[in-house]
Each structure stands twice: as structure tokens, then as C-alpha cells.
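J.: One predicted model, sequence on top.
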Amino acid sequence: MLQQTQASRVAERFESFVGRFPDARTMAAAGENVVVAAWEGLGYYRRARLLYAAAVRICDVHDGEVPSSTEALLALPGIGRYTAGSIASIAFDCRTPIVDGNVIRVVARLEAIDAAADDPALVKRCWETADALVGAAKSPGVLNESLMELGATVCTPRLPSCDRCPVQTCCAAFRSGRAASMPRPKSRPARRIVHLYPVVLRRDDRVLLRQRPLRGIWAGLWELPSVESADPLEVPAIASGLGFKVDDLRQVETFKRLLTHREVHFHVYEASTRIRRGHWCDRVVSAELAMAKPMRSLVDRRVWASDWPGG
DNA sequence: AAACCGGGGAT
DNA sequence: ATCCCAGGTTT
């Protein structure tokens, strides 16, 4: 859950999530869909599917117990070198290094390496330094956590608090007055613009939902039936792009959401249809299906708002 | 090696 | 508006 997600954001969700899935057996028994639904709003939903897959494998291969060796952890889905090292060192006291975004920043400054934060040579050097530090530490877990905590609270990206840094005297970047400019920002491609045309279709006290493709953005999550396009679409193109017949297609709302890699323009329509096939969901089912954050807000606002029969 | 995958906080 | 976040998998 902490992968690419700020700890403060995880803290809001951790207790309820672990309360719901207290061990691997419980998670494996719950099923992937339930785990992904519990993940809703956290983003990078593949993590939830991989976590579920790891739970299944822990039950099948490790008798339901999280393995304690770095190698066995690394073999689990969704667990890479960082996560394996974190679990091994913090939970099991193994002398295993970790490198996350915080550690990269701390080491780049300690050693005054003027490179981009995602530069492979810098990252390699960070693993070597982290390995040396954890090798000399009294407690591997405490050392690893302290490196990350230093990066999160003192050695911050924009304006590091060098005046209250416990390792100021060891820091080459501080000595040369360049801490704030190291490491250099990662190069990031511009956001791709996507136009999304979700259509609200109601029947009785239900709404038609469907599952998104298993690849791409919001893979496998549920949505109002939608047409996706790199360019704006006219009404006929939206109607034909849905894959089933609709009538009286009319626009009701537009808004925009920024993601790291996308700028998504929502063009919300309502329509009527005589189609009866598909997942016509009442309010309870709608609430149980995993949706992306903007889609959830849209459905709750447009469909389940209090002034219509289903609400 | 590069691309892909959310959502929100901090500045 | 920009940069980043206790990254991993796929191509």
C-alpha cells in the first residue's frame, strides 16, 4: 500500500483494510474483487490484484505465513527489491538494504551526486550505500526506517531543513550548498489528454454499469458505459461507440481530472435504452463494485443523489 | 531501458 | 503549475 503512496495517505486507510483482511487466508478467501473494492481510491489498482495474488501464493506455498527471507519475499507477486527488503528488515530483522524515493534523495545529497532521481547509476549507487549502512547498523529495521523518515521529514525535495539535520556534517551537498538542487527532477513526459464519454442509463431503481478492459487505465474497474477517445467526439460517434443502442443522448455535465500520466476530460451524458442485458445495478451493488475515484463521485452524484427513487 | 499505472499533498 | 510519493510489472 505504501508503494508510490505517501505514508500519511496510507495511514487513513490502513487500519480498516487490515481489519478486513487480517491475514493471508482471509484475503485469499475474500477474492480478488473484494480486495480491489477495498482498495478503491488508492490508485495503482494493479497493486491490489498483486497483493491478492501474493496472499493466495502465501496460502499455497507458505502455509499461510508471510515468509521471512528476502528471497522468498522477492518471489511473491507485487514484491520487488524495496518491499522485500522492508519486510525482511523491519518485520524479521534481516540485514537487507532498502532504497525508495526518500533514500535516493538522502544518498544523492550525502554524496553530492548531481543526477536525476531516476538515473540508473545513481540508483545503483544508492543500493550500495544503503547496503553499507544497514551492514553497519545496530538494528537493520531501525536504520532503514530512519533513512526514509529523514527523507520524508528533514531531507525534503524542495526546501530541505539542513539546519536541523542530524547528519548535516556528513553531507557533501550541504557542505557545497547544493542540497536543494539535488537530485535533479525526473524527466516526465507530458500528460496525454483523454476524452471520456460516460453515459447514465437508468431503469427502475438501477443504473447500467460495466467493467473496464483488463488493460490500460483503471483496468478491470467498473464504470458507467463509456466511450474513450483521444479527440473530442460528436453525439453520433458517442452513440455508435457504446456498442449498444441508446436514444435521446444528451449532455448533462463536463469536468476534468488530472492524473499523473493523463488529463481526463469527462463529458457526461444521459440517455434511454431498451437494452436489458448487462449489469443493471442497484445502489447496494454499485457501492460494492470497485470504481475509479472520479467515476465513483460521478455515479454517487448523478445516480444516487437523494432526489431520485433509488436514493 | 522505457513505458505503464492513480490520486492527492506540498510548494 | 510543478514535483513528488515507504515501486513493480510489462514490453
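T.: On my side now, so go ahead. Residues are numbered from 1 along each chain as shown, chains lettered A, B, ... in the order given.

J.: For residue A:189, report the pLDDT, please.
T.: Residue A:189 is assigned a pLDDT of 85 by the prediction.

J.: What sits closest to it if chain neighbours are left out?
T.: residue A:261 (7.9 Å; C-beta to C-beta, 6 or more residues apart in numbering). C-betas here are computed from N, CA, C, even on glycine.

J.: Give me the neighbour count for the closest residue to DNA strand B within chain A.
T.: Closest residue of chain A to DNA strand B, C-beta to the nearest atom of the strand: residue A:43 (2.6 Å). Residue A:43 sits with 17 neighbouring residues when counted by other C-beta atoms under 10 Å.

J.: Return the per-residue confidence for the closest residue to it other than its chain neighbours.
T.: Spatial nearest neighbour of residue A:43, excluding adjacent residues (C-beta to C-beta, 6+ apart): residue A:5 at 7.3 Å. pLDDT, residue A:5: 97.

J.: Residue A:103 is in what secondary structure piece?
T.: Using DSSP states H and E, residue A:103 falls within helix A:101-110.

J.: And that helix, what's buried?
T.: By neighbour count on 16 or more other C-beta atoms under 10 Å, the buried set for helix A:101-110 is A:101, A:102, A:103, A:104, A:105, A:106, A:107, A:108, A:109, A:110.

J.: Flag every residue of the stretch 201-311 of chain A that's near DNA strand B.
T.: A:215-219, A:257-261, A:292-294 (C-beta under 7 Å from any atom of the strand).

J.: before we move on, what about the stretch 51-200 of chain A?
T.: A:120, A:156, A:158, A:159, A:189.

J.: Residue A:294 versus residue A:301, what's the distance?
T.: Residue A:301 is 11 Å from residue A:294, where distance means C-beta to C-beta, to the nearest Å.

J.: ok so, going back, just the buried residues from the residues of the stretch 201-311 of chain A next to DNA strand B, in ChimeraX please.
T.: Buried subset of those, written as a ChimeraX selection, criterion 16+ other C-beta under 10 Å:
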select /A:217,218,257,259,292,294
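
J.: can you redo the residues of the stretch 201-311 of chain A next to DNA strand B as CSV with distance to residue A:250?
T.: Formatted as CSV, these follow (distance: C-beta to C-beta, whole Å):
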residue, distance to residue A:250
A:215, 31
A:216, 28
A:217, 26
A:218, 25
A:219, 30
A:257, 22
A:258, 27
A:259, 27
A:260, 32
A:261, 31
A:292, 24
A:293, 25
A:294, 21
